[in-house]
Structure formats: C-alpha cells, structure tokens
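Participant: Need a 3D model of the following:
(one chain, ligands or ions: 1)
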Amino acid sequence: EKISVFCPATVANISCGFDVLGLCLDTTGDLMHFYHKDTPGVEIIIKHGPKLPTLPEENVAGVAATALLKALRSDKGVIIEIEKKIKPGSGIGSSAASAAGAVYGVNQLLGAPFSTQELIPFAMAGEALSSGVPHADNVAPALLGGITLVRSYDPLEVIPLHVPEELFVAVIHPQIELKTSDSRSVLKQQVSMKKAIRQWGNLGALVSALYTENYDLLGRSLVDEIVEPLRSPLIPGYKKAKSAALASGALGSGISGSGPSIFALCRGEEIAKNTAAAMNAVYGELKVATELHISKV
Ligand code: HSE
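Facilitator: I've put the predicted structure just below:
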C-alpha cells in the first residue's frame, strides 16, 4: 500500500497575527509518499530536493511521524519518501510542509486513528526541531487549508476562519536564505502598550473583514508594527517590493512568516499576477533571483 500526499506551502503571521495566523497555498508544495515496512520506526528517503538529514530524529518529518507513532504506542514501521520542492529558509513553511505532510500521511497509512485537528500537536513537534519553537501558524493551515487562527497554545485551540471568495495571494521569494531561528533572534521580548493596542485592533478587524468579505477593511488591517520593523532590515529590497505591491493594487503586503519571502493579499487573480510581476521587477533591478507563487487562498 502506498499513500501520496501534497504538502502545501503556507504564509504565517499575515502581518498582524504573529505566531497565530496562517494561510495555505494551493499551488506550491512538496510531495510525500508513505509505505509500510516490516520493522518498527520511521525511515526517511529524500527522493528529490536539497540535502536534508535522513536520521529520523534529525529530520522534521521524522520527528513529527515518531511523535504520532509514540502517542499510539504503535510498533508499526513507516517509510517516508520526500520530494522536497519548497526551499528551506524561504519563509513559506518548508519545515511545516514536511511536518504536516508526515503526520497526515502516517495517520492515513494507519487507518486514520486521529482527526486532522488532532494531528496539529505532532506536526508542531517536528516544526520545533527546525525553528526552535513549536509554533503552529504554518502547520495548522498546512493541515486544515484556508486561513487558521491559533486562539491559544496552552491548551492548543486552532480555529479555521472564513476565506473571502476572491482572495488571492502573491508571494515572492528573493533567493536569500533566512533561517527562522535567526529571524526570531532579532525580536524583542517586550511590546509597548501603544503598539499592542494597535496590533490587536488590526487583528480583530482582519478576522471581521474575512467573514464580511470586506476587502477594504482587510487591506487596512494588514499592518504589523511589532515584528516587521525588526525583521525587514534582514530582507534586501523589502520596502521597495512592498511599495510596488501596494502600487499594483494589492490590499496589503508583509513578510511571509519569518522571511525572506514577501506576500501580498489581492482581490482577484489578475491583481495578484500584476502584483507578483511588480515585486519581481524590483528584484530584477537589484539583480536578485526570485521565485514567484500565486494562489487562491
Ligand atoms: N510565526 C513564525 C515566525 C513563522 O514568524 O517566526 C515562521 O515561519
């Protein structure tokens, strides 16, 4: 028996929702294949892509799958074959795709003992290996699709949100590698009351805008005064690319996850395509190679 799973890329944070909001891309992702094996434990095979560790305890997919098998007290054995297409360190949830894909595939192979929601903590265990923190804002949308909100980490509560009909996302990945652990190290542990007030105002408004399909409000809410100012200096061309996105009619734009990818939310596919092209032109001038992703949310 073989199970094949598409493991989508994701955009975490969505400006005002650091570590709590994330959205799923339909068009970009890895492929993973799952087989039974006779001996217990997890075996990792990298079929395509960058050189990643194949020791299960050093591999994001391996750690996530092992956490699931452990919870079941299962002595079953699983082979996970990975076709890695999302570049590590790109800011579109490369490690989350592996972690989420691993738990989804292994769960299916074992006859689906867990619901998809219940798989999130196992995927977080894999994610923790790569970023140092078990954040769920990539693995949750990778598993559930659409846009998700982590209402609480302890206890974990993830809420799928409504996605407006015409919402598209354009993502540009300037080919600079930025490790999540490095772009987390520039963050401050304290936030001023003033900034916090503006941030939760925007986050609440963004959720409202999703449900009411109010694109103008959605655009106004895509503001991040807490994390973006600290991280954007790590991304060459960031300000110019963001301005180009807004000038092309994007509703809003920000850093995708921990960067260096930049996302823009757009109403309709055409604006998303124009936005991607405009951001690409900025990096063309800077002579930085890029990869573009456009998807319905
Ligand atoms: N919320 C995480 C961060 C996402 O911004 O560090 C990492 O992809």
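Participant: how about the residues of the chain near the ligand?
Facilitator: Applying Cβ under 6 Å from any ligand atom, one finds that the chain approaches the ligand through 12-13, 18-19, 93, 131, 135, 137-138, 180, 184, 257-258. All C-beta spots, glycine's among them, are computed from the backbone N, C-alpha and C.
Participant: try it again with 5 Å
Facilitator: Applying Cβ under 5 Å from any ligand atom, one finds that the chain approaches the ligand through Ala12, Asp19, His135, Asp137, Thr180, Gly257, Ser258.
Participant: Could I get those residues in CSV, plus columns for distance to Thr54 and neighbour count?
Facilitator: Converted to CSV, the residues of the chain next to the ligand look like this (distance: Cβ to Cβ, whole Å; neighbours: other Cβ atoms under 10 Å):
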residue, distance to Thr54, neighbour count
Ala12, 26, 30
Asp19, 30, 15
His135, 25, 25
Asp137, 27, 27
Thr180, 21, 25
Gly257, 25, 29
Ser258, 25, 28
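Participant: What helix or strand is Val150 located in?
Facilitator: In the assignment (DSSP states H and E), Val150 maps to strand 147-153.
Participant: that older thread, inside helices: which ones of the residues of the chain next to the ligand?
Facilitator: Within the residues of the chain next to the ligand, residues falling in helices by DSSP state H are Thr180.
Participant: what's the closest of the residues of the chain next to the ligand to the ligand?
Facilitator: Gly257 (2.9 Å; Cβ to the nearest ligand atom).
Participant: so who does the closest one touch?
Facilitator: Thr10, Val11, Ala12, Asn13, Gly91, Ile92, Gly93, Asp137, Asn138, Thr180 (Cβ atoms under 8 Å, 6 or more residues apart in numbering).
Participant: measure stretch 211-219 end to end?
Facilitator: This stretch, stretch 211-219, spans 14 Å end to end (Cα to Cα, to the nearest Å).
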